[in-house]
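**Student:** generate coordinates for the sequence data below:
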Amino acid sequence: EDIDKLTFLRELDLGQNTLNGTLPTQVGNLTKLRILDLERNRISGTLPQQIVDLEQLESLNLNRNFLVGNIPEDIDKLTFLRELDLGQNTLNGTLPTQVGNLTKLRILDLERNRISGTLPQQIVDLEQLESLNLNRNFLVGNIPEDIDKLT
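**Tutor:** Sure, this is the predicted structure:
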C-alpha cells in the first residue's frame, strides 16, 4: 500500500515470483517509472485505471498472471511505451482503437486472453512495431488491408 512513496523509482522488476493479490492503484503514483515487470506471478483482478498515469513508462510486462477485465481505453496516454505484454491472462473486451496511437510501440503481446471483436484498423499506425502476438484470442473479421504498413 505504501508503494507510492517510491517516487524516484524508475524500474520495478518483481517478475517470476509468487506474488498474489491485485495490482495496487497506488502504482499510478510512480510517475518516474519506466519499466514495470511483474510477469509470471499470481496477480489477479483488473488492470487498475491508474496504470495510464505512468506517462514515462516504456515497458509494461504483466504476462502470465490472472488479470481479468478490459485494457484501459486511454492506454494511449502511455506515449513512451515500447513494449506492452499482457499475454496469458484472462483479459476480455475489445482491443481499444487507441492502441494505434502508441507510435513508439515495438512489441505488442496479448496472446492467450479473451480479447474479442475485430482487429482495429488503427493497428497499422504502429509503424515501429516489430512483434505482434494476438494468438489464442477471440478476434473475428478481416485483417486490415493496409497491414503492409507494418514493414
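
**Student:** show me where this protein has helices.
**Tutor:** In the chain, no segments count as helices under DSSP state H.

**Student:** so where's this structure uncertain?
**Tutor:** For the chain, applying pLDDT under 70 flags the ranges 1.

**Student:** contacting residues for the most centrally placed residue in the chain?
**Tutor:** The centre of the chain sits closest to Leu84, judged by CA atoms, centre = their mean, with a distance of 4.1 Å. By CB atoms under 8 Å, 6 or more residues apart in numbering, the contact list for Leu84 reads Leu60, Ile75, Leu78, Val99, Leu102, Leu105, Ile107, Leu108, Asp109, Leu110. All C-beta spots, glycine's among them, are computed from the backbone N, C-alpha and C.

**Student:** ok, the residues you listed vs Ser131, which is closest?
**Tutor:** Nearest to Ser131 out of the contacts of Leu84 is Ile107 (CB to CB; 4.7 Å).

**Student:** quick one, what contacts that closest one?
**Tutor:** Arg82, Glu83, Leu84, Asp85, Leu129, Glu130, Ser131.

**Student:** could you give the separation of stretch 25-40 from the chain centroid?
**Tutor:** Here stretch 25-40 is found 12 Å from its chain centre; the criterion is CA atoms, centre = their mean, to the nearest Å.

**Student:** in it, which residues are buried?
**Tutor:** Under the neighbour-count criterion of 16 or more other CB atoms under 10 Å, stretch 25-40 has Val27, Gly28, Asn29, Leu30, Leu33, Arg34, Ile35, Leu36, Asp37, Leu38, Glu39, Arg40 buried.

**Student:** which non-adjacent residue is nearest the fourth one?
**Tutor:** Nearest residue to Leu30, sequence neighbours excluded (CB to CB, 6 or more residues apart in numbering): Leu9, at 5.4 Å.

**Student:** ok, now the second one?
**Tutor:** The shortest distance from Gly28 to any residue other than its chain neighbours is 2.6 Å, reached at Gln50 (CB to CB, 6+ apart).

**Student:** distance of the one you found from Asn17?
**Tutor:** 22 Å (CB to CB, to the nearest Å).

**Student:** one more: Glu111?
**Tutor:** 21 Å.

**Student:** those two: which is more packed in?
**Tutor:** Each of Glu111 and Asn17 has its neighbours counted (other CB atoms under 10 Å); Glu111 has more, 18 against 12.
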